[in-house]
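>>> sequence first, then the predicted structure, then my questions.
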Amino acid sequence: MSVFDHAEFDHHEALHFFDDPTTGLKAIIAVHSTALGPAAGGCRRWHYTTDDDALTDVLRLSRGMTYKNAVAGLPFGGGKSVILASDDAPKSPQLFRAFGRAVESLNGLYIAAEDVGINVDDIRLAGEETSYVSGLPQHGDSAGGDPSPWTALGVFLGIRAAAKVRLGKDSLEGISIAVQGAGHVGSRLCKMLVDAGAQIFVADVNRKNLKQVSTSMQITAVSPRDILFHDVDILAPCALGNILNSETIPRVRAKVIAGAANNQLATERDGQRLAERGILYAPDYVINAGGVISIAREHLGQSSVDEVRAEVSTIPTRLEEIFAEAHATERPTNVVADELARRIVANAGDTDATDDLERIQFG
Ligand code: NAD
(Lines give C-alpha, C1' and ligand atoms only; values in the text may rest on other atoms or scores of the structure.)
Protein backbone atom coordinates (compact mmCIF):
# COMPACT_ATOMS: atom_id res chain seq x y z
CA MET A 1 0.00 0.00 0.00
CA SER A 2 1.55 3.30 -1.02
CA VAL A 3 0.73 6.32 1.09
CA PHE A 4 2.71 9.49 0.34
CA ASP A 5 2.63 8.87 -3.42
CA HIS A 6 -0.98 7.61 -3.38
CA ALA A 7 -2.94 9.27 -6.21
CA GLU A 8 -5.42 10.73 -3.69
CA PHE A 9 -2.94 11.71 -0.96
CA ASP A 10 -3.04 15.42 -1.82
CA HIS A 11 -0.78 16.56 1.04
CA HIS A 12 -2.89 15.20 3.87
CA GLU A 13 -1.65 16.65 7.15
CA ALA A 14 -2.01 13.34 8.99
CA LEU A 15 -3.17 9.78 8.58
CA HIS A 16 -3.81 7.55 11.59
CA PHE A 17 -4.29 3.78 11.50
CA PHE A 18 -5.94 1.97 14.40
CA ASP A 19 -5.95 -1.76 15.10
CA ASP A 20 -7.59 -2.94 18.31
CA PRO A 21 -7.43 -6.76 18.53
CA THR A 22 -9.74 -6.85 21.59
CA THR A 23 -12.75 -5.41 19.74
CA GLY A 24 -11.64 -6.10 16.16
CA LEU A 25 -11.68 -2.39 15.35
CA LYS A 26 -9.67 -1.54 12.25
CA ALA A 27 -10.01 2.12 11.36
CA ILE A 28 -8.29 4.91 9.49
CA ILE A 29 -8.66 8.57 10.43
CA ALA A 30 -7.52 10.99 7.73
CA VAL A 31 -6.90 14.66 8.45
CA HIS A 32 -6.60 16.56 5.20
CA SER A 33 -6.45 20.14 6.46
CA THR A 34 -6.78 22.02 9.73
CA ALA A 35 -6.18 25.43 8.13
CA LEU A 36 -9.72 26.59 8.94
CA GLY A 37 -10.08 24.69 12.24
CA PRO A 38 -10.18 21.15 13.61
CA ALA A 39 -10.90 18.56 10.93
CA ALA A 40 -14.61 17.66 10.97
CA GLY A 41 -16.15 14.85 8.97
CA GLY A 42 -18.18 11.69 9.28
CA CYS A 43 -17.17 8.14 10.01
CA ARG A 44 -18.07 5.52 7.40
CA ARG A 45 -18.34 1.80 8.20
CA TRP A 46 -18.07 -0.27 5.07
CA HIS A 47 -17.00 -3.72 3.83
CA TYR A 48 -13.98 -2.79 1.69
CA THR A 49 -12.58 -5.39 -0.67
CA THR A 50 -9.00 -4.37 0.18
CA ASP A 51 -7.25 -2.09 2.67
CA ASP A 52 -6.20 0.00 -0.34
CA ASP A 53 -9.85 0.63 -1.20
CA ALA A 54 -10.44 1.85 2.35
CA LEU A 55 -7.42 4.15 2.16
CA THR A 56 -8.51 5.58 -1.20
CA ASP A 57 -12.03 6.17 0.12
CA VAL A 58 -10.94 7.91 3.31
CA LEU A 59 -8.44 10.14 1.47
CA ARG A 60 -11.01 11.26 -1.11
CA LEU A 61 -13.71 11.79 1.49
CA SER A 62 -11.38 13.70 3.78
CA ARG A 63 -10.28 16.16 1.10
CA GLY A 64 -13.95 16.58 0.15
CA MET A 65 -14.65 17.61 3.76
CA THR A 66 -11.99 20.33 3.57
CA TYR A 67 -13.75 21.75 0.52
CA LYS A 68 -17.24 21.24 1.95
CA ASN A 69 -16.51 22.97 5.25
CA ALA A 70 -14.67 25.80 3.49
CA VAL A 71 -17.45 26.58 1.00
CA ALA A 72 -20.11 26.23 3.72
CA GLY A 73 -18.25 28.93 5.68
CA LEU A 74 -17.67 26.71 8.71
CA PRO A 75 -14.70 27.17 11.06
CA PHE A 76 -13.57 23.59 10.50
CA GLY A 77 -10.99 21.81 8.43
CA GLY A 78 -11.49 18.53 6.61
CA GLY A 79 -11.13 14.99 7.86
CA LYS A 80 -12.91 11.68 7.66
CA SER A 81 -12.68 8.22 9.16
CA VAL A 82 -13.48 4.74 7.95
CA ILE A 83 -14.10 1.62 9.99
CA LEU A 84 -13.25 -1.49 7.99
CA ALA A 85 -16.28 -3.72 8.50
CA SER A 86 -15.76 -7.46 8.68
CA ASP A 87 -17.65 -10.52 9.88
CA ASP A 88 -15.02 -10.88 12.62
CA ALA A 89 -15.82 -7.42 13.96
CA PRO A 90 -19.59 -6.90 13.88
CA LYS A 91 -21.11 -3.67 15.18
CA SER A 92 -20.95 -3.68 18.98
CA PRO A 93 -20.84 -1.14 21.81
CA GLN A 94 -17.23 -2.19 22.46
CA LEU A 95 -16.26 -1.50 18.84
CA PHE A 96 -17.67 2.03 18.92
CA ARG A 97 -16.16 2.76 22.33
CA ALA A 98 -12.79 1.66 20.88
CA PHE A 99 -13.41 4.01 17.97
CA GLY A 100 -14.19 6.78 20.47
CA ARG A 101 -10.83 6.12 22.19
CA ALA A 102 -9.09 6.35 18.81
CA VAL A 103 -10.72 9.74 18.17
CA GLU A 104 -9.85 10.88 21.71
CA SER A 105 -6.18 9.98 21.17
CA LEU A 106 -6.00 12.72 18.51
CA ASN A 107 -6.85 15.34 21.14
CA GLY A 108 -9.40 17.29 19.12
CA LEU A 109 -7.56 17.27 15.80
CA TYR A 110 -10.53 15.37 14.32
CA ILE A 111 -14.27 15.50 15.14
CA ALA A 112 -16.31 12.47 14.05
CA ALA A 113 -19.99 12.19 13.11
CA GLU A 114 -22.34 9.89 11.17
CA ASP A 115 -21.79 8.75 7.60
CA VAL A 116 -22.77 5.62 5.67
CA GLY A 117 -23.14 2.62 8.00
CA ILE A 118 -23.14 4.71 11.19
CA ASN A 119 -26.12 5.96 13.20
CA VAL A 120 -26.75 8.29 16.13
CA ASP A 121 -26.50 5.43 18.63
CA ASP A 122 -23.05 4.43 17.31
CA ILE A 123 -21.85 8.02 17.74
CA ARG A 124 -23.38 8.14 21.23
CA LEU A 125 -21.33 5.04 22.16
CA ALA A 126 -18.13 6.60 20.77
CA GLY A 127 -19.07 9.72 22.74
CA GLU A 128 -18.75 7.75 25.99
CA GLU A 129 -14.98 7.86 25.37
CA THR A 130 -14.49 11.26 23.76
CA SER A 131 -16.08 14.68 23.48
CA TYR A 132 -14.77 15.00 19.90
CA VAL A 133 -17.92 13.61 18.31
CA SER A 134 -21.03 15.36 17.03
CA GLY A 135 -24.43 14.19 15.81
CA LEU A 136 -25.36 13.09 19.35
CA PRO A 137 -29.02 12.67 20.38
CA GLN A 138 -30.77 16.00 20.09
CA HIS A 139 -32.32 17.85 23.08
CA GLY A 140 -35.07 20.49 22.99
CA ASP A 141 -34.64 22.97 20.18
CA SER A 142 -30.82 22.85 20.24
CA ALA A 143 -28.89 21.82 17.12
CA GLY A 144 -27.98 18.15 17.17
CA GLY A 145 -29.01 14.62 16.32
CA ASP A 146 -28.96 12.76 13.03
CA PRO A 147 -27.55 15.08 10.32
CA SER A 148 -29.36 13.27 7.46
CA PRO A 149 -32.60 15.29 7.57
CA TRP A 150 -30.51 18.47 7.17
CA THR A 151 -28.56 16.96 4.32
CA ALA A 152 -31.84 15.98 2.66
CA LEU A 153 -33.25 19.49 3.13
CA GLY A 154 -30.15 21.11 1.59
CA VAL A 155 -30.28 18.71 -1.36
CA PHE A 156 -34.01 19.36 -1.85
CA LEU A 157 -33.46 23.14 -1.90
CA GLY A 158 -30.45 22.66 -4.19
CA ILE A 159 -32.49 20.55 -6.61
CA ARG A 160 -35.08 23.34 -6.79
CA ALA A 161 -32.33 25.88 -7.55
CA ALA A 162 -30.79 23.64 -10.26
CA ALA A 163 -34.21 22.98 -11.81
CA LYS A 164 -34.78 26.71 -12.09
CA VAL A 165 -31.42 27.32 -13.78
CA ARG A 166 -31.34 24.35 -16.17
CA LEU A 167 -35.02 23.54 -16.74
CA GLY A 168 -36.42 27.04 -16.27
CA LYS A 169 -38.95 25.70 -13.75
CA ASP A 170 -39.97 27.51 -10.58
CA SER A 171 -41.61 24.43 -9.15
CA LEU A 172 -40.89 20.69 -9.04
CA GLU A 173 -44.51 19.86 -9.84
CA GLY A 174 -44.47 17.18 -12.55
CA ILE A 175 -40.63 17.09 -12.78
CA SER A 176 -39.28 13.53 -13.03
CA ILE A 177 -36.44 12.65 -10.66
CA ALA A 178 -34.43 9.43 -10.30
CA VAL A 179 -33.06 8.88 -6.79
CA GLN A 180 -30.22 6.37 -6.40
CA GLY A 181 -30.20 5.10 -2.80
CA ALA A 182 -33.09 5.23 -0.32
CA GLY A 183 -31.09 5.32 2.90
CA HIS A 184 -31.03 7.99 5.59
CA VAL A 185 -30.80 10.89 3.14
CA GLY A 186 -32.43 9.39 0.04
CA SER A 187 -35.62 8.32 1.82
CA ARG A 188 -36.14 11.76 3.38
CA LEU A 189 -35.37 13.47 0.10
CA CYS A 190 -37.97 11.30 -1.65
CA LYS A 191 -40.61 12.43 0.84
CA MET A 192 -39.86 16.12 0.23
CA LEU A 193 -39.83 15.62 -3.55
CA VAL A 194 -43.13 13.70 -3.55
CA ASP A 195 -44.69 16.42 -1.36
CA ALA A 196 -43.46 18.98 -3.92
CA GLY A 197 -45.34 17.14 -6.69
CA ALA A 198 -42.34 15.55 -8.42
CA GLN A 199 -42.57 12.15 -10.09
CA ILE A 200 -40.04 9.92 -8.31
CA PHE A 201 -38.16 6.81 -9.46
CA VAL A 202 -36.00 5.08 -6.85
CA ALA A 203 -33.48 2.26 -6.77
CA ASP A 204 -31.73 0.65 -3.85
CA VAL A 205 -29.67 -2.52 -3.61
CA ASN A 206 -31.06 -3.00 -0.12
CA ARG A 207 -34.58 -4.43 -0.54
CA LYS A 208 -35.64 -3.47 2.97
CA ASN A 209 -34.82 0.21 2.40
CA LEU A 210 -36.52 0.17 -0.99
CA LYS A 211 -39.65 -1.44 0.43
CA GLN A 212 -39.82 1.11 3.21
CA VAL A 213 -39.95 4.06 0.78
CA SER A 214 -42.07 2.36 -1.85
CA THR A 215 -44.79 1.37 0.61
CA SER A 216 -44.89 4.69 2.43
CA MET A 217 -45.16 7.04 -0.57
CA GLN A 218 -46.05 7.31 -4.25
CA ILE A 219 -42.83 6.33 -6.02
CA THR A 220 -41.80 3.89 -8.77
CA ALA A 221 -39.07 1.35 -8.05
CA VAL A 222 -36.36 0.94 -10.72
CA SER A 223 -33.56 -1.60 -11.01
CA PRO A 224 -30.26 -0.41 -9.45
CA ARG A 225 -28.57 -1.24 -12.78
CA ASP A 226 -30.78 1.23 -14.68
CA ILE A 227 -31.38 4.10 -12.28
CA LEU A 228 -28.48 6.30 -13.48
CA PHE A 229 -29.73 6.05 -17.06
CA HIS A 230 -33.46 6.41 -16.43
CA ASP A 231 -35.21 8.90 -18.72
CA VAL A 232 -35.82 11.70 -16.21
CA ASP A 233 -35.27 15.44 -15.84
CA ILE A 234 -33.08 15.16 -12.75
CA LEU A 235 -30.80 12.48 -11.31
CA ALA A 236 -30.18 12.58 -7.55
CA PRO A 237 -27.36 10.23 -6.54
CA CYS A 238 -27.78 9.41 -2.83
CA ALA A 239 -25.80 6.16 -2.51
CA LEU A 240 -22.03 5.89 -2.96
CA GLY A 241 -19.33 7.72 -4.93
CA ASN A 242 -17.50 7.29 -8.26
CA ILE A 243 -20.74 6.72 -10.14
CA LEU A 244 -20.16 9.43 -12.76
CA ASN A 245 -17.32 8.34 -15.01
CA SER A 246 -16.34 7.91 -18.66
CA GLU A 247 -18.55 4.82 -18.97
CA THR A 248 -21.70 6.07 -17.23
CA ILE A 249 -21.80 9.74 -18.29
CA PRO A 250 -22.51 9.11 -22.01
CA ARG A 251 -25.60 7.10 -20.98
CA VAL A 252 -27.09 9.60 -18.50
CA ARG A 253 -30.34 11.09 -19.82
CA ALA A 254 -31.07 13.60 -17.05
CA LYS A 255 -30.35 17.29 -17.64
CA VAL A 256 -29.46 17.95 -14.00
CA ILE A 257 -27.45 15.91 -11.52
CA ALA A 258 -27.99 17.02 -7.94
CA GLY A 259 -27.75 14.62 -5.03
CA ALA A 260 -26.26 13.84 -1.64
CA ALA A 261 -23.60 11.23 -2.40
CA ASN A 262 -20.02 12.26 -1.71
CA ASN A 263 -17.44 12.05 -4.52
CA GLN A 264 -19.96 11.48 -7.31
CA LEU A 265 -17.36 12.30 -9.97
CA ALA A 266 -14.76 9.56 -10.42
CA THR A 267 -12.25 12.20 -11.59
CA GLU A 268 -12.20 15.97 -12.01
CA ARG A 269 -12.33 15.43 -15.80
CA ASP A 270 -15.80 13.91 -15.42
CA GLY A 271 -17.15 17.36 -14.55
CA GLN A 272 -16.02 18.50 -18.00
CA ARG A 273 -17.69 15.45 -19.57
CA LEU A 274 -21.00 16.42 -17.95
CA ALA A 275 -20.65 20.05 -19.02
CA GLU A 276 -19.95 18.97 -22.60
CA ARG A 277 -23.19 17.01 -22.58
CA GLY A 278 -25.12 20.03 -21.28
CA ILE A 279 -25.81 18.35 -17.94
CA LEU A 280 -25.87 20.79 -15.01
CA TYR A 281 -23.93 19.25 -12.13
CA ALA A 282 -24.48 20.54 -8.58
CA PRO A 283 -21.06 20.00 -6.91
CA ASP A 284 -21.69 17.30 -4.31
CA TYR A 285 -19.95 18.90 -1.37
CA VAL A 286 -21.81 22.17 -1.92
CA ILE A 287 -25.33 20.72 -2.17
CA ASN A 288 -24.85 18.10 0.58
CA ALA A 289 -23.46 20.44 3.27
CA GLY A 290 -26.69 20.51 5.32
CA GLY A 291 -25.58 17.68 7.58
CA VAL A 292 -22.19 19.12 8.41
CA ILE A 293 -23.77 22.50 9.11
CA SER A 294 -25.87 20.81 11.79
CA ILE A 295 -22.87 18.82 13.07
CA ALA A 296 -20.73 21.96 13.26
CA ARG A 297 -23.36 24.06 15.02
CA GLU A 298 -24.03 21.29 17.52
CA HIS A 299 -20.33 20.97 18.29
CA LEU A 300 -19.83 24.71 18.68
CA GLY A 301 -22.94 24.91 20.90
CA GLN A 302 -25.52 27.67 21.34
CA SER A 303 -27.29 27.17 18.00
CA SER A 304 -30.96 26.36 17.69
CA VAL A 305 -32.70 24.15 15.15
CA ASP A 306 -34.11 27.31 13.53
CA GLU A 307 -30.61 28.75 13.10
CA VAL A 308 -29.43 25.51 11.48
CA ARG A 309 -32.44 25.64 9.14
CA ALA A 310 -31.61 29.24 8.17
CA GLU A 311 -27.99 28.31 7.47
CA VAL A 312 -28.94 25.24 5.42
CA SER A 313 -31.29 27.47 3.44
CA THR A 314 -28.28 29.43 2.09
CA ILE A 315 -27.13 26.36 0.10
CA PRO A 316 -29.18 27.26 -3.02
CA THR A 317 -27.69 30.77 -3.11
CA ARG A 318 -24.18 29.33 -3.01
CA LEU A 319 -25.07 26.91 -5.80
CA GLU A 320 -26.63 29.63 -7.95
CA GLU A 321 -23.43 31.67 -7.68
CA ILE A 322 -21.35 28.67 -8.73
CA PHE A 323 -23.72 27.92 -11.64
CA ALA A 324 -23.56 31.57 -12.75
CA GLU A 325 -19.75 31.72 -12.59
CA ALA A 326 -19.43 28.41 -14.43
CA HIS A 327 -21.75 29.71 -17.14
CA ALA A 328 -20.00 33.08 -17.42
CA THR A 329 -16.49 31.57 -17.57
CA GLU A 330 -17.49 28.48 -19.59
CA ARG A 331 -15.98 26.14 -17.01
CA PRO A 332 -17.46 23.06 -15.34
CA THR A 333 -19.23 23.68 -12.03
CA ASN A 334 -16.92 21.30 -10.13
CA VAL A 335 -13.87 23.27 -11.25
CA VAL A 336 -15.42 26.56 -10.13
CA ALA A 337 -16.37 25.08 -6.74
CA ASP A 338 -12.93 23.49 -6.20
CA GLU A 339 -11.19 26.76 -6.99
CA LEU A 340 -13.39 28.63 -4.54
CA ALA A 341 -12.72 26.05 -1.81
CA ARG A 342 -8.96 26.08 -2.38
CA ARG A 343 -8.91 29.89 -2.34
CA ILE A 344 -10.75 29.99 0.99
CA VAL A 345 -8.38 27.42 2.54
CA ALA A 346 -5.26 29.10 1.14
CA ASN A 347 -6.38 32.44 2.56
CA ALA A 348 -7.39 31.10 5.97
CA GLY A 349 -7.36 33.96 8.46
CA ASP A 350 -7.30 36.50 5.64
CA THR A 351 -10.33 38.80 5.27
CA ASP A 352 -10.29 38.42 1.47
CA ALA A 353 -11.25 34.78 1.98
CA THR A 354 -14.24 35.85 4.01
CA ASP A 355 -15.12 38.30 1.23
CA ASP A 356 -14.99 35.46 -1.31
CA LEU A 357 -17.42 33.51 0.78
CA GLU A 358 -19.74 36.40 1.46
CA ARG A 359 -19.87 37.22 -2.22
CA ILE A 360 -20.70 33.65 -3.05
CA GLN A 361 -23.17 33.34 -0.17
CA PHE A 362 -25.04 36.54 -0.51
CA GLY A 363 -24.53 37.50 -4.12
P1 NAD B 1 -27.15 5.27 3.90
O2 NAD B 1 -26.16 4.18 4.10
O3 NAD B 1 -28.20 5.48 4.92
O4 NAD B 1 -27.90 5.09 2.49
C5 NAD B 1 -27.26 4.72 1.31
C6 NAD B 1 -28.24 3.84 0.56
O7 NAD B 1 -27.70 3.60 -0.74
C8 NAD B 1 -28.46 2.47 1.21
O9 NAD B 1 -29.85 2.23 1.33
C10 NAD B 1 -27.79 1.50 0.24
O11 NAD B 1 -28.39 0.23 0.22
C12 NAD B 1 -27.96 2.24 -1.08
N13 NAD B 1 -27.03 1.84 -2.13
C14 NAD B 1 -25.72 1.49 -2.05
N15 NAD B 1 -25.23 1.19 -3.27
C16 NAD B 1 -26.27 1.35 -4.15
C17 NAD B 1 -26.41 1.21 -5.54
N18 NAD B 1 -25.38 0.84 -6.32
N19 NAD B 1 -27.61 1.44 -6.10
C20 NAD B 1 -28.68 1.81 -5.35
N21 NAD B 1 -28.60 1.96 -4.01
C22 NAD B 1 -27.42 1.74 -3.42
O23 NAD B 1 -26.29 6.60 3.67
P24 NAD B 1 -26.80 8.09 3.76
O25 NAD B 1 -26.48 8.65 5.08
O26 NAD B 1 -28.19 8.18 3.23
O27 NAD B 1 -25.79 8.80 2.73
C28 NAD B 1 -25.96 8.65 1.33
C29 NAD B 1 -24.82 9.39 0.61
O30 NAD B 1 -24.84 10.77 0.97
C31 NAD B 1 -23.41 8.87 0.96
O32 NAD B 1 -22.57 9.01 -0.15
C33 NAD B 1 -22.96 9.84 2.04
O34 NAD B 1 -21.56 9.93 2.14
C35 NAD B 1 -23.57 11.13 1.52
N36 NAD B 1 -23.81 12.11 2.57
C37 NAD B 1 -24.57 11.81 3.64
C38 NAD B 1 -24.77 12.78 4.63
C39 NAD B 1 -25.66 12.49 5.81
O40 NAD B 1 -26.04 13.45 6.51
N41 NAD B 1 -26.02 11.25 6.08
C42 NAD B 1 -24.18 14.05 4.51
C43 NAD B 1 -23.43 14.33 3.36
C44 NAD B 1 -23.24 13.35 2.40
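Great, that's in hand. Here the structure is a predicted model, which means the values were calculated and not measured.

>>> in the protein, which residue sits nearest the ligand?
Residue nearest to the ligand within the chain (CB to the nearest ligand atom): Gly183, separated by 1.7 Å. C-beta: built from backbone N, CA, C; applies to glycine.

>>> wait, that residue sits on Asn209?
Yes: counting by CB atoms under 8 Å, Asn209 is a contact partner of Gly183 at 5.9 Å.

>>> now do the helices in the stretch 151-300 of the chain.
Counting by DSSP state H, counting those that start in this stretch, the stretch 151-300 of the chain has these helices, from start to end: 184-195, 207-216, 269-276, 284-287, 290-300.

>>> most packed of the ones you listed?
Highest mean neighbour count among those (mean count of other CB atoms under 10 Å): helix 284-287, with a mean of 28.

>>> got the contact list for that helix?
64-65, 67-68, 71-72, 154-155, 158-159, 258-265, 315, 318-319, 322, 337, 341 (CB atoms under 8 Å, 6 or more residues apart in numbering).

>>> PyMOL command to pick out the buried ones of the residues you listed?
Typed into PyMOL, the line below selects the buried ones among the contacts of helix 284-287, using 16 or more other CB atoms under 10 Å:
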select buried, resi 64+65+67+68+71+72+154+155+158+159+258+259+260+261+262+263+264+265+315+318+319+322+337+341
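
>>> which of the contacts of helix 284-287 fall in strands?
Among the contacts of helix 284-287, no member falls in strands (DSSP state E).

>>> out of the contacts of helix 284-287, who's near the ligand?
Residues of the contacts of helix 284-287 in contact with the ligand (CB under 6 Å from any ligand atom): 260-262.

>>> could you dump these to CSV with pLDDT?
Converted to CSV, these look like this (pLDDT from 0 to 100):
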residue, pLDDT
Ala260, 98
Ala261, 97
Asn262, 95
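
>>> now, which of those residues sits nearest Ala275?
When these are compared for distance to Ala275 (CB to CB), Ala261 wins out at 19.1 Å.

>>> where do the domain boundaries of the chain fall?
3-67+77-126, 146-363 (automatic domain parsing).

>>> point out where the stretch 251-363 of the chain drops to low pLDDT.
351-363 (pLDDT under 70).

>>> write out the residues of it neighbouring the ligand.
Contact residues (CB under 6 Å from any ligand atom) of the stretch 251-363 of the chain with the ligand: 260-262, 288, 291.

>>> enumerate every residue touching the closest residue to Ala85 other than its chain neighbours.
Among residues not flanking Ala85 along the chain, His47 sits closest, at 4.7 Å (CB to CB, 6 or more residues apart in numbering). His47 is in contact with 84-86, counting by CB under 8 Å, 6+ apart.

>>> most neighbours among the residues you listed, please name it.
Leu84 (22 neighbours; other CB atoms under 10 Å).

>>> measure the spatially most central residue of the chain to Cys238 for me?
Central residue of the chain (CA atoms, centre = their mean): Asn262, 4.3 Å from the mean position. Per CB to CB, to the nearest Å, Asn262 is found 10 Å from Cys238.

>>> same check, this time on Leu55
Relative to Cys238, and taking CB to CB, Leu55 is found at 24 Å.

>>> for Val305, same thing?
Taken as CB to CB, the span from Val305 to Cys238 is 23 Å.

>>> would you list the residues of the stretch 251-363 of the chain next to the ligand in CSV and tack on distance to Trp150?
Below are these laid out as CSV (distance: CB to CB, whole Å):
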residue, distance to Trp150
Ala260, 11
Ala261, 16
Asn262, 15
Asn288, 10
Gly291, 5
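
>>> farthest pair in those?
Largest separation among those by CB to CB: Ala261 and Gly291, giving 12.4 Å.

>>> hmm, back to that, neighbour count: Leu55 and Cys238, which is higher?
A side-by-side neighbour count of Leu55 and Cys238, using other CB under 10 Å, places Cys238 first with 27 against 22.

>>> now the more buried one. Nearest residue, chain neighbours left out?
Nearest non-adjacent residue to Cys238 (CB to CB, 6+ apart): Gly186, at 3.6 Å.

>>> so who does that neighbour touch?
152, 179-180, 202, 204, 213, 236, 238-239, 260.

>>> nearest to Gly278, of the residues you listed?
Closest approach to Gly278 among these (CB to CB): Ala236, at 18.1 Å.

>>> look up phi and psi at the nearest residue to that closest one once chain neighbours are set aside.
Residue nearest to Ala236 in three dimensions, not counting chain neighbours: Gly259, with 3.8 Å by CB to CB, 6+ apart. Main-chain dihedrals, Gly259, degrees, to the nearest 10: phi -150, psi -180.
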